[in-house]
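**Q** Sequence and predicted model, in that order:
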Amino acid sequence: MSSQQQHITISLPRGTLSLTYQTNCGTSHDDLEKNNRYQLEDLLGFAQRINPKRAFLFVSKVLGRHIPVAPTTMRQAFTDLANSVPSNLPEPILVVGMAETAVGLSAGVHQALQTRYPNALLLNSTRHAQHADSDENALLTTFSEDHSHASQHLIYKSADNAIQAQLLASKTLIMVDDEASTGNTCINVVTALRNSGLTELEQVHLTTLVDWSLNQTQTATDADADADADEPVSDQVSACLPNIDFQRHHLLSGTWQWTDTPNPRAIIMPSVDTTDAGSQPLADTGNWGRFPTLDSTDGFADYLLKFQKAFAQFSGQLQFEQKQLPERILVLGSNEFVWLPFLLAEWLEKETQIQSSSTVPTVKFSALTRSPIALGGAISTMMSFNDNYGLGMTNFVYNVEPKEWDLIVLCIETASKSVDDMWQDLDNVLVVSPML
């Protein structure tokens with residue numbers, strides 16, 4: 001399959017980002033051609049990080065993290081990315097997602113993959129230390145995401161002996177992230193897992209919405225030959241993973257080059273690099289991936305009931321009625337707690353479409369984050385506030401104007417009183433907590 005290379009240059013305050021990218025996916029699943037519809041402008045915007053390690057940021061338009069996105073758009077991207085993963089992989093299969101940005105993406109990919117691999121496990125990294133109820137329900141390993149604003153990640157074991165045994169017996173690892181820019185995080189994850197007992201790994205599949213790490217992993221000759229699927233590619237990631245069959249899957253791929261402006265202004269980054277538990281206890285929201293799980297929807301039924309009860313009180317009703325739902329709804333997850341809120345947004349999207357007869361309702365999803373990003377480019381607005389975990393750090397939400405929404409559903413896994421007064425003071429914000 002031939003690939004059409006394109007070039008673009010993005011000017012940011014601290015420098016220039018030059019991209020060369022391919023509009024085909026470079027994946028091996030039979031449904032590959034479906035994904036060719038994704039163009040750069042469909043997938044990404046660009047912004048400036050408030051981070052001295054790396055000055056630029058790829059801002060996804062389909063992830064629902066820094067730009068509000070319709071749940072149907074997110075679900076389509078999850079499914080298309082999952083469809084790029086081959087069939088007939090050696091099992092057991094482990095899907096690992098990267099906190100905080102990709103924990104919802106990984107759950108969506110995992111859920112779609114289970115149509116072919118029903119016994120695949122999901123396990124996300126986390127930056128929130130968890131209470132270990134026993135020696136089994138304890139830390140499995142840690143790793144570093146070197147370029148990140150918060151570099152340290154934690155990965156936990158399962159308290160279920162059968163699940164833990166399946167985890168350690170994994171033969172295929174599907175690592176899910178929003179983007180790859182160097183491939184180093186993948187190497188760090190695989191190395192940490194193998195050193196922690198996953199000694200049976202045969203295959204590793206780096207599965208990302210966009211893969212920009214080709215200039216980090218290929219020679220110039222290889223990059224020119226990459227359009228031909230029959231040509232071998234010298235991948236430095238693969239070279240760092242001995243005895244592993246390494247493959248890449250993505251919706252768009254390319255290379256990047258960054259050029260600093262002369263004498264760039266110094267950056268002061270907020271303090272967000274912590275894996276502490278925080279002073280606010282986490283409620284029981286089920287197991288959607290912080291511990292190994294077969295069912296990422298565990299806990300959603302209870303969370304939906306919590307929303308319905310909270311909305312009934314919010315709207316002055318004795319019980320929840322779909323017809324009371326407004327037309328413009330924004331659902332916000334919080335940090336790593338995004339998968340159950342996404343499922344809620346998806347449910348609301350369907351319900352409002354059923355109820356509406358004359359107008360087209362709008363339901364979108366986004367999330368609070370600890371990621372500091374400068375205004376400009378893909379970031380048009382920024383709100384900052386104290387985090388709800390009791391970590392004493394600043395959190396942010398981007399591209400959200402509260403007055404543009406009839407209802408903002410702020411989904412948290414801590415107590416309602418833990419959210420900043422800024423949210424409490426907005427009369428169109430409904431805080432949904434599992435702690436009633």
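**A** It's in.
**Q** show me where the stretch 301-436 of the chain has helices.
**A** 339-355, 421-424 (DSSP state H, counting those that start in this stretch).
**Q** which other residues reach stretch 367-375?
**A** For stretch 367-375, the external contacting residues (CB atoms under 8 Å, 6 or more residues apart in numbering) are 13, 47-51, 57, 59, 64-66, 100-101, 104, 149-150, 269-270, 272, 332-335, 338, 341, 379, 381-382, 387-388, 393-398, 410. To be clear about C-beta, it is placed using only N, CA and C from the backbone, and glycine gets the same treatment.
**Q** how about a cut-off of 7 Å?
**A** Applying CB atoms under 7 Å, 6 or more residues apart in numbering, the external contacts of stretch 367-375 come out as 47-51, 57, 64-66, 100, 149-150, 269-270, 272, 332-335, 338, 379, 382, 387, 393, 395-398.
**Q** quick one: it to chain centroid distance?
**A** Here the centre of stretch 367-375 is set off from its chain's centre by 14 Å, with CA atoms, centre = their mean, to the nearest Å.
**Q** Just the mean pLDDT for it, thanks.
**A** Averaged over stretch 367-375, pLDDT sits at 92.
**Q** Quote the end-to-end distance of that stretch.
**A** End-to-end distance of stretch 367-375 (CA to CA, to the nearest Å): 17 Å.
**Q** Quick check: mean pLDDT of stretch 302-310?
**A** Here the average pLDDT along stretch 302-310 is 96.
**Q** what does that stretch rub up against?
**A** Thr285, Phe320, Leu340, Leu344, Trp347, Val409, Leu430, Val432, Pro434, Leu436.
**Q** What about these, which one has the most neighbours?
**A** Within those, Leu340 tops the neighbour count with 29 neighbours, counted by other CB atoms under 10 Å.
**Q** So it versus Ile187, what's the distance?
**A** Distance, Leu340 to Ile187, using CB to CB, to the nearest Å: 31 Å.
**Q** Same question for Thr394.
**A** Counting by CB to CB, the gap from Thr394 to Ile187 is 31 Å.
**Q** Same drill for those two, tell me which one is more crowded.
**A** More crowded of Thr394 and Ile187, by other CB under 10 Å: Ile187, with 20 against 15.
**Q** Just list the residues touching that one, thanks.
**A** Counting by CB under 7 Å, 6+ apart, Ile187 makes contact with Val237, Cys240, Leu241.
**Q** Tell me which residues of the strand or helix carrying it come out buried.
**A** Element membership for Ile187, per DSSP states H and E: helix 184-195. If you call a residue buried by 16 or more other CB atoms under 10 Å, then helix 184-195 has these buried ones: Asn184, Thr185, Cys186, Ile187, Asn188, Val189, Val190, Ala192, Leu193, Arg194.
**Q** What residue, apart from its backbone neighbours, is nearest Asn388 spatially?
**A** Counting by CB to CB, 6 or more residues apart in numbering, Asn388 lies nearest to Ser418, which is 4.2 Å off, once chain neighbours are set aside.
**Q** On the pLDDT front, check the one you found for me.
**A** Value listed for Ser418 in the pLDDT field: 96.
**Q** Which residue in the contacts of Ile187 has the weakest pLDDT?
**A** On pLDDT alone, Val237 ranks lowest of the contacts of Ile187, at 83.
**Q** What about the nearest residue in space to it that is not next to it in sequence, how many residues nearby?
**A** Using CB to CB, 6+ apart and skipping residues adjacent in sequence, the residue nearest Val237 is Gly183, 4.1 Å away. Other residues within reach of Gly183, judged by other CB under 10 Å, total 22.
**Q** Spit out the contact partners of the closest residue in space to Ser60 that isn't next to it in sequence.
**A** Leaving aside its sequence neighbours, Ser60 sits nearest to Asp178 (CB to CB, 6+ apart; 5.5 Å). Counting by CB under 7 Å, 6+ apart, Asp178 touches Ser60, Leu63, Thr101, Ala102, Leu105, Thr208, Leu209.
**Q** Any idea which helix or strand in this protein has the lowest mean pLDDT?
**A** helix 220-225 (a mean of 39; mean pLDDT, DSSP states H and E).
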